[in-house]
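Undergrad: Mind folding the following:
(chains A and B)
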Amino acid sequence: MYHWDFQVVVQSWDLFLIGLWLTLLYTVGSIVLGVVIGLLVCFARLSDFAVVRIAARSYQEIFRCTPLLVQILWFYYALPLLIGVSIDNSVAAILTLSLYVGAFYAEIFRGGIASIERGQHEAAAALGMSGGQAMRRIILPQAAKRMLPAFINQSVIQFKNTSLISVISVGELAYMAAVVNGETYRPLEAYTVVAVLYFLLLFPLTQMADRLERHLRVSD
Amino acid sequence: MDESTLMNTPRSAAAAPAADDPILSVRGLRKSFGSIEVLRGIDLDLTRGEVLAIIGPSGSGKSTLIRCLNMMEVPDSGELRLRGRPVARGFRSRNGSIGVGELRRHVGMVFQHFNLFPHKTVLENVIEGPVVVLKRPRAEAEAVAMDLLARVGLDAKRDAYPNHLSGGQKQRVAIARALAMQPDVLLLDEVTSALDPELVGEVLTVVRALAEEGMTMAIVTHEIAFAADVADRAVFIDRGVIAADGTPDAVLHNPEGERLRAFLARFHA
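TA: Numbering: from 1, shown residues only, chains lettered A, B, ... in the order given. Okay, the predicted model is just below:
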């Protein structure tokens, strides 16, 4: 029978706290940057210019069809060889995480906008709205509601995906678990604590998302 | 027999007196979708206060024609004028020519499938155009909107969302939304075709009241009896051209031409 001993883990509470902070930082940072990238790429996908559309699509497929872990390693170890400048692990981490999630967000945004019926565009146009006004006032608010479940789902995945940047020694939660494990030889306690921390943060978020979704359904 | 021999143009812009100048006029309008030419040279004038019924078999091009009148469809060739000023392709108006944006501020449209904004309440639907496009103060726009909603009998539904309304109610809100822009012309594109039969009457009543108030309208409709009753003039579109044009009585009750008679006969069968 395994003898659980959380004492050693509790002694390293400061490491877990720093890890937690960095996990949140990289999650929020990459989501914010990812939304910006996603919007830009989404509108590029809807562009009238074929070159712009193809460029946006190529970016999306490259980042959607290669593993995030490989991307992180590539940006940290391979890219510096190409450009001749070494990249800080934090820069490589935020860059890769943002580009990765941005590719998925762009698809969610594009799908949401494309799902709005042509009649809505026509009704807005018939009132004399410009394309921008119609997009802001009529199309995006409706599309946002439809995008929300997929957006939240992708963001939850993103939260957990930040654990992958531990491979380039960014000191987020999963990395700290490895550190504590290395110091104490207590993998069961270290990784269980980390798993519980991820769960405790994400579970309330998914519950809140469900409530938000129900709240937004009032006009249906 | 060539259809064009049936065509008569009672209101020639050149011959008409100044007061009779058309608000909207089209000349030589052509429009193709792929290899199918839907409109094959349409000349049409719409005069202030006139209620024009556009009838014709499905696929005749009547919906495409009315959708060209506010550039919802962009014609391949031909000219559209609003009060004599040519309409350009771009959104903004510039020296002399009217942009699509300005055209649509003067020419409202009501759709077959209502196209209300589902994320906005009834009142928000009606004030959207005045507030966003005309930059009217919200309070003023709301006062106008409530008047309009009262006229279509839906002031009690101001805070309801469209999905909680019946089809007839939705279409009356859509009419109020178009009227809130205080348009010079209202285009009605088969506004009762998507309604359950028992809900058609309430929408037609609203349209009839507008006609009596002197609203200039072009109405694409399958309601032949209604068209005969409410319109000042009827045109029969067939295979992309105007095959008959005259008073509703002449066009609908004493039809000339084989195809028009055959078309109308179906409504009496």
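Undergrad: does the most centrally placed residue in chain B sit in a helix, a strand or a coil?
TA: The geometric centre of chain B, computed from its C-alpha atoms, lies nearest to residue B:187 (C-alpha atoms, centre = their mean), at 1.7 Å. Under DSSP: H, G, I helix; E, B strand; the rest coil, residue B:187 falls in the strand class.
Undergrad: So it versus residue A:140, what's the distance?
TA: Counting by C-beta to C-beta, to the nearest Å, the gap from residue B:187 to residue A:140 is 27 Å. Where C-beta positions appear, they are placed from N, C-alpha and C, glycine not excepted.
Undergrad: who in chain A is up against chain B?
TA: Applying C-beta under 8 Å from any C-beta of the partner chain, we find that chain A lies next to chain B at A:117, A:119-120, A:122-131, A:133, A:137-138, A:141-142, A:145, A:218-220.
Undergrad: Where strands are concerned, which of these count?
TA: With strands defined by DSSP state E, no entry of those lies inside them.
Undergrad: Would you mind checking those residues for buried ones?
TA: Neighbour counting by 16 or more other C-beta atoms under 10 Å in any protein chain shown classes A:120, A:122-130, A:133, A:137-138, A:141-142, A:145, A:219 among those as buried.
Undergrad: Name the helix or strand for residue 63, please.
TA: Just going to use chain A. helix A:50-64 (DSSP states H and E).
Undergrad: My question was about chain B, not that one.
TA: Here residue B:63 sits within helix B:62-68, counting by DSSP H and E.
Undergrad: helices or strands next to that helix in the packing?
TA: Packing contacts for helix B:62-68, counted by 3 or more C-beta pairs under 8 Å, 6 or more residues apart in numbering or on different chains; DSSP states H and E, involve strand B:22-33, strand B:36-47, strand B:51-55, strand B:185-189, strand B:216-220.
Undergrad: Using TSV, lay out these together with mean pLDDT and distance to residue B:137.
TA: Below are the helices and strands packed on helix B:62-68 laid out as TSV (pLDDT from 0 to 100; distance: least, C-beta to C-beta, whole Å):
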stretch	mean pLDDT	distance to residue B:137
strand B:22-33	95	28
strand B:36-47	94	32
strand B:51-55	95	32
strand B:185-189	97	24
strand B:216-220	96	27
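Undergrad: So which bits of the helix holding residue A:63 are buried?
TA: A:56, A:57, A:59, A:60, A:63.
Undergrad: and which of these is nearest chain B?
TA: Nearest to chain B, judged by C-beta to the nearest C-beta, of those is residue A:56 at 24.5 Å.
Undergrad: check contacts around that closest one.
TA: A:41, A:44, A:45, A:47, A:106 (C-beta atoms under 8 Å, 6 or more residues apart in numbering or on different chains).
Undergrad: Next one: it from residue A:112, what distance?
TA: 16 Å.
Undergrad: How about residue B:44?
TA: 40 Å.
Undergrad: Residue A:159 now?
TA: 21 Å.
Undergrad: repeat for residue B:122
TA: Distance from residue B:122 to residue A:112, counting by C-beta to C-beta: 25 Å.
Undergrad: where does chain A have low pLDDT?
TA: A:218-220 (pLDDT under 70).
Undergrad: For it, just list every one of the strands.
TA: Under DSSP E, chain A gives no strands.
Undergrad: got a list of what residue A:19 touches?
TA: Residue A:19 is in contact with A:171, A:172, A:173, A:174, A:175, A:176, A:177, A:194, counting by C-beta under 8 Å, 6+ apart.
Undergrad: Residue B:34 - how many residues pack around it?
TA: The tally of other residues near residue B:34 (other C-beta atoms under 10 Å in any protein chain shown) stands at 6.
Undergrad: Wasn't residue B:242 part of a strand?
TA: Yes: the assignment for residue B:242 is a strand, going by three-state DSSP.
Undergrad: ok, it - contacts?
TA: Residue B:242 touches B:7, B:42, B:43, B:44, B:235, B:236, counting by C-beta under 8 Å, 6+ apart.
Undergrad: from those, which is closest to chain A?
TA: For the contacts of residue B:242, the nearest to chain A is residue B:44 (19.4 Å; C-beta to the nearest C-beta).
Undergrad: hey, what's the closest one bridged with?
TA: Per DSSP bridges, the residues bridged to residue B:44 are residue B:26.
Undergrad: about what we covered before: can you tell me which of the helices and strands packed on helix B:62-68 is most buried?
TA: Neighbour counts (mean count of other C-beta atoms under 10 Å in any protein chain shown) averaged over each of the helices and strands packed on helix B:62-68 peak at strand B:51-55, with a mean of 27.
Undergrad: quick one: that strand to strand B:185-189, angle?
TA: 20 degrees (axes from the mean of the first three to the mean of the last three C-alpha atoms, to 10 degrees).
Undergrad: Provide the strand pairings for strand B:51-55, with the direction of each partner.
TA: For strand B:51-55, pairing defined by DSSP bridges yields strand B:216-220 (parallel), strand B:233-238 (parallel).
Undergrad: how about these in TSV, adding distance to residue A:81?
TA: Converted to TSV, those look like this (distance: least, C-beta to C-beta, whole Å):
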stretch	distance to residue A:81
strand B:216-220	66
strand B:233-238	69
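Undergrad: Looking at those, which is nearest to residue A:149?
TA: Closest of the strands paired with strand B:51-55 to residue A:149 is strand B:216-220, at 39.3 Å (criterion: C-beta to C-beta).
Undergrad: Skip the chain neighbours and tell me the closest residue to residue A:57.
TA: Nearest residue to residue A:57, sequence neighbours excluded (C-beta to C-beta, 6 or more residues apart in numbering or on different chains): residue A:45, at 6.5 Å.
Undergrad: if I pick that neighbour, what's in contact with it?
TA: With C-beta under 8 Å, 6+ apart, residue A:45 has these contacts: A:53, A:56, A:57, A:60, A:106, A:110.
Undergrad: hmm, which two among the residues you listed are most spread apart?
TA: A:53 and A:106 (11.8 Å).
Undergrad: how close does the residue in the stretch 151-269 of chain B positioned nearest to chain A sit to residue A:75?
TA: At 4.2 Å from chain A, residue B:161 is the closest residue in the stretch 151-269 of chain B, using C-beta to the nearest C-beta. Separation of residue B:161 from residue A:75 (C-beta to C-beta) stands at 47 Å.
Undergrad: top helix in chain A by residue count?
TA: When chain A is parsed with DSSP state H, its longest helix is helix A:13-45.
Undergrad: angle of that one against helix A:50-64?
TA: 150 degrees.
Undergrad: Please state the offset of helix A:13-45 from the chain centre?
TA: 6 Å (C-alpha atoms, centre = their mean, to the nearest Å).
Undergrad: Against residue B:247, how distant is residue B:218?
TA: Residue B:218 sits at a distance of 16 Å from residue B:247 (criterion: C-beta to C-beta).
Undergrad: ok, the spatially closest residue to residue A:156 that is not a sequence neighbour - contacts?
TA: Distances taken as C-beta to C-beta, 6+ apart place residue A:202 nearest to residue A:156, at 5.9 Å, with adjacent residues excluded. Residues in contact with residue A:202, defined by C-beta under 8 Å, 6+ apart, are A:156, A:159, A:160.
Undergrad: Now do the helices in chain A.
TA: Counting by DSSP H, the helices of chain A are A:7-10, A:13-45, A:50-64, A:68-73, A:79-83, A:89-114, A:118-126, A:131-134, A:140-161, A:173-184, A:187-216.
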